[in-house]
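>>> Sequence unavailable; structure follows:
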Ligand code: ADP
């Protein structure tokens, strides 16, 4: 728990010295062309630092370093139990540097410091630790062949993995990718979002301190359409793993097709249905509906953005949700009592406000919020916003807003709820609230989503996979299923006759 006061966090942040260079082959370095881009604190629109703006030349350098380290094999051939020890040390270093990492995360992308410090950073350490602990416990297979044959089915690291990551949980989601990639012996080039690069840059230093060999983890800050694209088109990248928007995800598939058919694993958008039946524990469901939608300013791919409510309880339940949502109050992210921070930047704030304006015009009823929140004169804050009487055909029910906006939709029965829930391009998460075991199972089977939660929203831990159906992506992060993305399966057929 953060025991620091608002004042202490502010003083700490004022004296923080921020590393903002790329990390290639074991060294921090400027971008090859010397370019830098502004890193702005979205809570006050002030310049934090200027970050190295990498491009295709840096991508070549980082991929070459990754390839060389992979061929050299120090990391790839290291005994799993030794790789485990290095990664456990990295997890410990993340914990030991939690204050700095949490401050960087909050300054960079606006989330509340209490969440950076208590959730994101320990969560990141937990991901690294879990994959480290797993990796010396995974066995290969011997196939049940005829007697004069031994057929081994083994998993090998895939080679050079490029990870392109988002800004909403910057370090945590980067760890979802790099922890299993490193645990399985790959070399990695991490391209964090240009909107939140600082913790990924810092992680490189900690990885080196932990004993990750030079070239095995490289970090390239910069823009998606430049260095991100260069990695996605690179002929020496074996796998591309991504979390971000569906539009970019589709582009990455094209880049892979245009280059070396690298494996592409995508975790993209969501428009997740949270379905509440009249027989549910409505107080608990209302609290979860609010936090499922407004946690992290709604900047969550799996946010509960479509609340489907059974007609018989519609008005009373909506009233409960509005009440529960009022506890989310935008405030200065560095204040430990703040539970809703700034959106990632002013451009995104404008985009969210535009979508709210469109929803009003389309006939949805604005029941809460709807405006920029004036916490600071220039900060990118938006009030928690709820639209009721939303039709699932409206843009506000179909497009990902990635901000604090909930659409409440009415349904008449189970079949109707399923029809609305599945009527979406996305299929990331879904929840059902009911006291009926039969209904819970029936609904869970019919929902087209990678995760279904019954009587909770977005609970889980490292033991369960996470990812999407349909245009929410492919492949899974977390759990042993994540290892599929970072390994090739090899059959070795040995004739003993
Ligand atoms: P958002 O719109 O929420 O920022 P994006 O999908 O644009 O989501 O960003 C997620 C990640 O994808 C970021 O690291 C970004 O730099 C990267 N990215 C964006 N466009 C491209 C692209 N054309 N090629 C490769 N990476 C990209």
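Happy to help now that I have it. Note that the coordinates shown come from a computational prediction; the quantities given were computed from them, not determined experimentally. Numbers count the residues shown, from 1 in each chain.
>>> which SS class is the residue in the stretch 51-200 of the chain positioned nearest to the ligand?
Nearest residue of the stretch 51-200 of the chain to the ligand (CB to the nearest ligand atom) works out as residue 193 at 3.8 Å. In short, each C-beta sits where N, CA and C put it, glycine included. Under DSSP: H, G, I helix; E, B strand; the rest coil, the three-state class of residue 193 is coil.
>>> Would you mind measuring from it to residue 60?
Using CB to CB, to the nearest Å, residue 193 is found at 21 Å from residue 60.
>>> show me the contacts for residue 132.
If you count contacts by CB atoms under 8 Å, 6 or more residues apart in numbering, residue 132 has them with 83-88, 90-91, 179, 183.
>>> Next, give me the two most distant ones among those residues.
85 and 179 (14.3 Å; CB to CB).
>>> which of those two has more neighbours?
Taking other CB atoms under 10 Å, residue 85 and residue 179 do not tie; residue 179 has more neighbours (30 against 16).
>>> which residue packs closest to that one, ignoring adjacent ones?
Sequence neighbours aside, residue 131 is the residue nearest to residue 179 in space, at 4.1 Å (criterion: CB to CB, 6 or more residues apart in numbering).
>>> what distance separates whichever strand or helix holds the one you found from the centre of its chain?
Here residue 131, judged by DSSP states H and E, is contained in helix 121-135. Its chain's C-alpha centre and that of helix 121-135 lie 15 Å apart, by CA atoms, centre = their mean, to the nearest Å.
>>> mind listing what's buried in it?
121-132, 134-135 (16 or more other CB atoms under 10 Å).
>>> Summarise which helices and strands the next helix or strand after it is packed against.
Sequence-wise, the next helix or strand downstream of helix 121-135 (DSSP H and E) is strand 141-142. Contacts defined by 3 or more CB pairs under 8 Å, 6 or more residues apart in numbering; DSSP states H and E place strand 141-142 against strand 149-157.
>>> What mean pLDDT does the strand it packs on get?
Rounded to a whole number, the mean pLDDT of strand 149-157 is 98.
>>> For it, name the packing helices and strands.
So strand 149-157, by 3+ CB pairs under 8 Å, 6+ apart, packs with strand 141-142, strand 487-495.
>>> Which one, of those strands, ends up nearest to the ligand?
Closest among those, once you apply CB to the nearest ligand atom, is strand 487-495, at 23.3 Å.
>>> What pairs with that closest one, parallel or antiparallel?
Counting by DSSP bridges, the strands paired with strand 487-495 are strand 149-157 (antiparallel).
>>> next structured bit after the strand it pairs with?
Next along the chain after strand 149-157, taking DSSP H and E as the criterion, comes strand 160-164.
>>> and that following strand, is it in reach of the ligand?
Yes - with CB under 6 Å from any ligand atom as the threshold, strand 160-164 lies in contact with the ligand, specifically through residue 164.
>>> who touches that strand?
In contact with strand 160-164 (CB under 8 Å, 6+ apart) are residues 63, 66-67, 70, 174, 177-178, 181, 186-191, 224, 228, 231-232, 234, 236-244, 248, 252, 262, 486.
>>> and residue 424, how many neighbours?
Neighbour tally, residue 424, other CB under 10 Å: 24.
>>> Sorry, wrong one. I was asking about residue 68.
14.
>>> Equivalent analysis for residue 460, please.
Neighbourhood size, residue 460 [other CB under 10 Å]: 15.
>>> I'd like the distance between residue 25 and the ligand.
21 Å (CB to the nearest ligand atom, to the nearest Å).
>>> thought that residue was touching residue 72?
No - between residue 25 and residue 72 there is no contact under CB atoms under 8 Å: 11.5 Å.
>>> returning to that earlier point: near the ligand too, which of the contacts of strand 160-164?
191, 224, 228, 232, 244, 248.
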